[in-house]
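> turn this into a model:
(one chain, ligands or ions: 1)
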Amino acid sequence: MKMVSTLYARRLLTVSPLLILLFSCVSLASAQTEEYEFNDSHFHLTNNIQEGPSIRDFLNMMGNTVGRSTVFGVPLQQEWLYGVDGDRAPTYYLHSDAPLYYYSFTDAWIAMAYKSLPKEQRARLDPMITGFNPADMYAADHIRRVLQTFPGVFTGIGEFTIHKEFVSAKIPGTVASLQDPAVDRILDFAAEAGLVVILHNDIDLPFAKEGSDPAYLHQVKALFKRHPNPTIIWAHMGLGRTVRPPANHAAMIEEILRDPAFRNIYVDISWDEVAKYFVASPKATKSLADLMQRYPDRFLFGTDGAAPADQSKYLKVFQQYEPLWKSLDPETSRKVRLQNYERIFDEARRKVRNWESTHVVSAGSN
Ligand SMILES: [Zn+2]
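The predicted structure follows:
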């Protein structure tokens, strides 16, 4: 039996290498869709002190459950200040009063990890550039430099953060702002290079007063309006640990999704702290499910895993959303879990490789 198949394979090889190529392409494409539970649009391989599982361990966690995943670090390093924390080394931004700082080496770390993988494993991952300060007019130049240093690697930028509870206030220097031209430069460059953008920006302040106007909704919409070209994923639909969904949150999101001026805007439902709102009651789940079914192409699922220790921790958020998966029609569910990722990230890959082919001298050597 083995001999027969070897013979057959040999004949195929001599008769038509093209056919084999075609076969493998087709099987790769179908592997992207039906066999897996989800693709992960929001994943941090490392934590606030740049530690995490190896990229090979992560691929094992994806296993047969997760088809493809984004992979990025965390741009903000938690300082260990001996005077503040002594021997208690903080590993998370909520573990210390010491500040955070931008750690650009994360992009090189992610790129080298990705490049250490064989081709078929790389095909499952979409690395993202995060190691820049969005208040710096030079941030866009960092992104360009990363593409030029590591052509053939990155699909997008982010998750990067403008306003985030507890985090923004811990970064010394200028506070990042949605109204800062530095952010406009970043998004202009993302559009030029075809990079998909994952933006974290809280819709409101923590513990906002019930019924008050969300602090950053108007600014974030103005930013989106200024940038109709880059594909932007608004992470967590603007929510956070203490940034609760404002009254009419679903209507606020819908207003964006139905406006043709915002056709390049997508939202993700990543993070266990966000999932908790939508599985808190059947009413909350239904409201999100109904919205998804009205705009099935505009939602992505991501875990927001950050340096998970093992597969069961990594898959927790997906399981947490079980009531949501049960509430969606099969087609919407497939789009949110799998197909929207493939469409958006495949298109970005194609565009970025194309930009690199004309802007990077050594492109193609990879
Ligand atoms: Zn986030």
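
> list the residues that contact Glu331.
Pro296 (CB atoms under 8 Å, 6 or more residues apart in numbering). For glycine as for every other residue, the C-beta is placed from the backbone atoms N, C-alpha and C.

> quickly note the distance from it to Val175.
43 Å (CB to CB, to the nearest Å).

> before we move on, what about Ala123?
From Ala123 across to Val175, the span is 39 Å (CB to CB).

> in the chain, what residue spans correspond to strands?
Per DSSP state E, the chain carries strands over the ranges 38-40, 43-44, 66-71, 76-78, 100-102, 125-129, 156-161, 196-200, 232-234, 265-268, 299-300, 305-306.

> for the ion, which of those strands is the nearest?
Within the strands of the chain, the stretch nearest the ion is strand 196-200; the backing value is 3.7 Å (CB to the ion).

> quick one, what contacts the residue nearest the centre of the chain?
Nearest residue to the geometric centre of the chain (CA atoms, centre = their mean): His42, 3.3 Å. His42 is in contact with 70, 159, 198, 235, 268, 270-271, 300, 302-304, counting by CB under 8 Å, 6+ apart.

> swap the cut-off to 10 Å and go again
69-70, 72, 128, 158-159, 198, 200, 233, 235-236, 268-271, 300-306, 317 (CB atoms under 10 Å, 6 or more residues apart in numbering).

> picking up where we left off before, mind putting the strands of the chain into a markdown table with distance to the ion?
Below are these laid out as a markdown table (distance: least, CB to the ion, whole Å):
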| stretch | distance to the ion |
| --- | --- |
| strand 38-40 | 14 |
| strand 43-44 | 9 |
| strand 66-71 | 12 |
| strand 76-78 | 11 |
| strand 100-102 | 14 |
| strand 125-129 | 12 |
| strand 156-161 | 5 |
| strand 196-200 | 4 |
| strand 232-234 | 10 |
| strand 265-268 | 9 |
| strand 299-300 | 13 |
| strand 305-306 | 9 |
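
> from the ion, how far off is Leu187?
As for Leu187, its distance to the ion is 17 Å (criterion: CB to the ion, to the nearest Å).

> so who does the residue nearest to that residue when sequence neighbours are not counted touch?
Distances taken as CB to CB, 6 or more residues apart in numbering place His227 nearest to Leu187, at 4.4 Å, with adjacent residues excluded. Applying CB under 10 Å, 6+ apart to His227 gives the contacts 183-184, 186-188, 190-191, 197, 264-265.

> export the helix ranked longest in the chain as PDB, just CAs?
Longest helix of the chain, by residue count under DSSP state H: helix 340-359. The C-alpha coordinates for helix 340-359 follow below in PDB (Å, rounded to 0.1, in the frame of the first residue of the first chain):
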ATOM      1  CA  ASN A 340     -14.200  37.900   8.800                       C
ATOM      2  CA  TYR A 341     -10.700  37.300  10.100                       C
ATOM      3  CA  GLU A 342      -9.700  35.500   6.900                       C
ATOM      4  CA  ARG A 343     -11.100  38.200   4.600                       C
ATOM      5  CA  ILE A 344      -9.600  41.200   6.500                       C
ATOM      6  CA  PHE A 345      -6.200  39.700   7.300                       C
ATOM      7  CA  ASP A 346      -5.700  38.100   3.900                       C
ATOM      8  CA  GLU A 347      -6.400  41.400   2.200                       C
ATOM      9  CA  ALA A 348      -4.000  43.200   4.500                       C
ATOM     10  CA  ARG A 349      -1.300  40.600   4.000                       C
ATOM     11  CA  ARG A 350      -1.600  41.000   0.200                       C
ATOM     12  CA  LYS A 351      -1.500  44.800   0.400                       C
ATOM     13  CA  VAL A 352       1.500  44.900   2.800                       C
ATOM     14  CA  ARG A 353       3.500  42.500   0.800                       C
ATOM     15  CA  ASN A 354       2.700  44.600  -2.200                       C
ATOM     16  CA  TRP A 355       3.900  47.800  -0.500                       C
ATOM     17  CA  GLU A 356       7.000  46.000   0.600                       C
ATOM     18  CA  SER A 357       7.800  44.900  -2.900                       C
ATOM     19  CA  THR A 358       8.100  48.500  -4.000                       C
ATOM     20  CA  HIS A 359       9.500  50.100  -0.800                       C
END
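
> quick check: angle from that helix to strand 66-71?
Angle of helix 340-359 versus strand 66-71, following axes from the mean of the first three to the mean of the last three CA atoms, to 10 degrees, is 50 degrees.

> and Arg68, how many neighbours?
22 (other CB atoms under 10 Å).

> from here on, count from 45
With the count now opening at 45, the last piece we talked about shows up as Arg112.

> and for the residue lying closest to it once chain neighbours are set aside, the neighbour number?
Once flanking residues are discounted, Arg112 sits nearest to Asn83: 4.4 Å by CB to CB, 6+ apart. Look at Asn83: counted by other CB under 10 Å, it has 26 neighbours.

> thinking again about what came up before, how far off centre is the longest helix of the chain?
15 Å (CA atoms, centre = their mean, to the nearest Å).

> and if you look at stretch 213-230?
20 Å.

> quick one: average pLDDT of that stretch?
Here stretch 213-230 scores 92 as its mean pLDDT.

> before we move on, what about stretch 86-96?
Here the average pLDDT along stretch 86-96 is 95.
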